[in-house]
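Enquirer: Could you look at this predicted model? Sequence included:
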Amino acid sequence: MASTVRTKARPTIHEFDLIRALHQRHGYRTPSVIQGIGDDAAVITSPAGQWTVLTTDLLTEGIHFDLCTATMADIGFRAAAANLSDVAAMGATPQYLLVALAIPRTGSRHHVLQLYRGMMAACRPHHVRLIGGDTSTSAGGWFLSLMLIGVVPPRKALFRSGARIGDYLYVTGTIGDALAGLTLLSKRRPRSNRQPESEVLSTRHRKFLIGRHLRPTARVAEGRWLSANRFATSAIDISDGLSGDLRHISEESHVGVELDLGALPISPACRAYAASRRLDPVNLALTGGEDYELLFTISSRQHTRLERSAVERGFSLARIGTIHPLRFGIQALSPDGRRHRLANTSYEHFT
Ligand code: ADP
Ligand code: MG
């Protein structure tokens, strides 16, 4: 959105006024926060014996977000959702947020307030409190670093390393949507490339996919449910793409995986998008990152109980594979019965 960036250099925003505004808008009081925004550091109480879960993410303009395809509020929302999702994937409850920010000279107070509006919109349903941060000026673009603190009962945290041979592999929601949404936003096809016979994507599907990219849902309730009921043996959130994140479970748990491609949960919108671009929807589901769905394993003995409980709670789950010995590798089973080794196609910033 061109209007979100000013082209002329402007004086740096007054930091103290900005922090005061953030404090007034978002620094809600709660008994567990002894000291929030306003001192040298935040102070919180922790319930005795509980495990603390901590995660941080650094987002850079031009690498992780683009002001041409997202508003400041969208960027804030997605950044918070990514961190909430990391805590969810540990089976933990997110509680506190700290935000470090480097503002470019083109950035205004309005931009910052919009950014926080988006972040707190993602946090509010989970009662996550903003308790501090840091503010600086950037000689380049925006830098945004979030730190989220959560809590989980002892020995209930979900790790990538717990998958066992014979376990079933599940995923929440649908996958591939966020990549489709991002491509819709960033690559508008030139008219000459449009093939008249290809299907046209409806406005409804388009909106759904773009929404899945800009405003992803962190599966916080699902993560807590998986840990509290001792369902999951391992869990990870899908940030790099199914094939890449599956590899993390495989490596950390020292197991192989058979992935059932016919069972991948792909939304009608994602299928329609794939048809309109003559793409393979399964490929989108395998490689598309940033869906922030949970990928997890359970003991096969639990699967009836898990699926019944999911229906009761209105959670959407798909069983997409089985855990095998390490030497099996990661194999994809096609609906026609053919199998192939899964290529490592996840997105990495340093390659
Ligand atoms: P210090 O110089 O000790 O780092 P600051 O002036 O940077 O103190 O911060 C004052 C207070 O405002 C602290 O409580 C800090 O956590 C909070 N704060 C600063 N920047 C931000 C921000 N971008 N978002 C949220 N809280 C912030
Ligand atoms: Mg500071």
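Expert: In hand now; what should we look at? Ligands and ions are numbered 1, 2, ... in the order given.

Enquirer: which parts of the protein sit against ligand 1?
Expert: By Cβ under 6 Å from any ligand atom, the residues of the chain that approach ligand 1 are 19, 22, 37-40, 99, 101, 130, 132-135. All C-beta atoms are positioned from the backbone trio N, CA, C, and that covers glycine.

Enquirer: Let me have the residues you listed in JSON lines, adding pLDDT and secondary structure as columns.
Expert: JSON lines is the format used below for the residues of the chain next to ligand 1 (pLDDT from 0 to 100; DSSP: H, G, I helix; E, B strand; the rest coil):
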{"residue": "Ile19", "pLDDT": "93", "secondary structure": "helix"}
{"residue": "Leu22", "pLDDT": "94", "secondary structure": "helix"}
{"residue": "Ile37", "pLDDT": "95", "secondary structure": "strand"}
{"residue": "Gly38", "pLDDT": "93", "secondary structure": "coil"}
{"residue": "Asp39", "pLDDT": "94", "secondary structure": "strand"}
{"residue": "Asp40", "pLDDT": "96", "secondary structure": "coil"}
{"residue": "Val99", "pLDDT": "98", "secondary structure": "strand"}
{"residue": "Leu101", "pLDDT": "97", "secondary structure": "strand"}
{"residue": "Leu130", "pLDDT": "97", "secondary structure": "strand"}
{"residue": "Gly132", "pLDDT": "97", "secondary structure": "strand"}
{"residue": "Gly133", "pLDDT": "97", "secondary structure": "strand"}
{"residue": "Asp134", "pLDDT": "96", "secondary structure": "strand"}
{"residue": "Thr135", "pLDDT": "96", "secondary structure": "strand"}
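
Enquirer: Of the residues you listed, grab the buried ones for ChimeraX.
Expert: Buried subset of these, written as a ChimeraX selection, criterion 16 or more other Cβ atoms under 10 Å:
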select :19,22,37,99,101,130,132,133,135
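
Enquirer: which intervals of the stretch 151-300 of the chain have sub-threshold pLDDT?
Expert: Low-confidence segments of the stretch 151-300 of the chain (pLDDT under 70): 188-199.

Enquirer: what comes into contact with the helix or strand harbouring Glu312?
Expert: Applying DSSP states H and E as the criterion places Glu312 in helix 303-313. Identification of contacts with helix 303-313 by Cβ atoms under 8 Å, 6 or more residues apart in numbering yields Tyr168, Tyr170, Ala221, Trp225, Asn229, Phe231, Ile298, Ser316, Leu317, Arg319.

Enquirer: Gly289 reaches Ala178, doesn't it?
Expert: Yes. Counting by Cβ atoms under 8 Å, Ala178 is a contact partner of Gly289 at 7.0 Å.

Enquirer: Give me the more crowded residue out of the two.
Expert: Using other Cβ atoms under 10 Å, the more surrounded residue of Gly289 and Ala178 is Ala178, with 28 against 20.

Enquirer: and that one, that's in a helix?
Expert: Yes. According to DSSP: H, G, I helix; E, B strand; the rest coil, Ala178 belongs to a helix.

Enquirer: any idea how far Gly211 is from it?
Expert: Distance, Ala178 to Gly211, by Cβ to Cβ, to the nearest Å: 10 Å.

Enquirer: can you check Leu59 too?
Expert: From Leu59 to Gly211 the distance is 20 Å (Cβ to Cβ).

Enquirer: now Asp17
Expert: Asp17 sits 34 Å away from Gly211, going by Cβ to Cβ.
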